[in-house]
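# Provided below for reference: sequence and predicted model.
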Amino acid sequence: MRTLLVILCLTVICASASWARYAGTAPALGDAPGGAERSPGANPTRAEDRFQSETRPKSDELLATAVHDSLAKDARVNSMQVQVSAHQGIVRLSGTVPREGDRDAAESIARQVAGVRDVTNQIVVSADPAGPGASPIPERPRP
């Protein structure tokens, strides 16, 4: 049994050694020049295309959606309280937040989105947060 296991291990080691290519051989079709390894996604043409698409101006609707999605992904801002609109790359933020830090974070997040030329921050900081009992609708006691 041990002999069989040793033979199997030697076979695997020899097979893996034969898969490795000698460094002096010419690159095969599809290999990078100079024999360097690269991942399939490391195509310089694709990288340039992606750069161009990120720096190309977006439509106003797509830009507003991208900013709102970025706000929704960030935990510092409640995106349900912030409205986003865009016109010619200028993003306008409006709504109400409880803290000044939330207002600044929303502006910072919006500025990081590709295609945003400028941000007009019209978010209002509300001193009194809407909590239990803060509703203008009177509560009726249950009978």
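Good, I have the coordinates.
# Helix or strand for residue 9, just tell me which one.
helix 2-19 (DSSP states H and E).
# For that helix, the averaged confidence score.
Average pLDDT, helix 2-19: 70.
# now stretch 102-111
On average, stretch 102-111 scores 94.
# Tell me the buried residues in that stretch?
Buried residues in stretch 102-111, counted by 16 or more other Cβ atoms under 10 Å: 102-107, 109-110. For every residue, glycine as well, the C-beta is placed using N, CA and C.
# can you list contacts of that stretch?
With Cβ atoms under 8 Å, 6 or more residues apart in numbering as the test, stretch 102-111 has contacts from 67, 70-71, 74, 76-78, 82, 84, 91, 93, 97, 116, 119, 121, 123, 125.
# can you rerun that using 7 Å?
With contacts defined as Cβ atoms under 7 Å, 6 or more residues apart in numbering, stretch 102-111 is touched by 67, 70-71, 74, 76-77, 82, 91, 93, 97, 116, 119, 121, 123, 125.
# What is the nearest of those to residue 1?
Nearest to residue 1, judged by Cβ to Cβ, of these is residue 74 at 59.8 Å.
# in this protein, what secondary structure element scores lowest on mean pLDDT?
Least confident helix or strand of the chain, by mean pLDDT, DSSP states H and E, is helix 44-55 with a mean of 61.
# which of the residues in the helix or strand that it is followed by are buried?
On the C-terminal side of helix 44-55, the nearest following helix or strand under DSSP H and E is helix 60-73. Residues of helix 60-73 classed as buried by neighbour count (16+ other Cβ under 10 Å): 60, 63-64, 66-68, 70-71.
# now do stretch 84-92
Neighbour-count burial for stretch 84-92 flags 84-86, 91-92 (criterion: 16+ other Cβ under 10 Å).
# That one: end-to-end distance?
End-to-end distance of stretch 84-92: 6 Å, with Cα to Cα, to the nearest Å as the criterion.
# List the contacts of it.
Contacts with stretch 84-92, where a contact means Cβ under 7 Å, 6+ apart, come from 57, 60, 63-64, 67-68, 93, 110, 115-120, 122.
# Perfect, that will be all.
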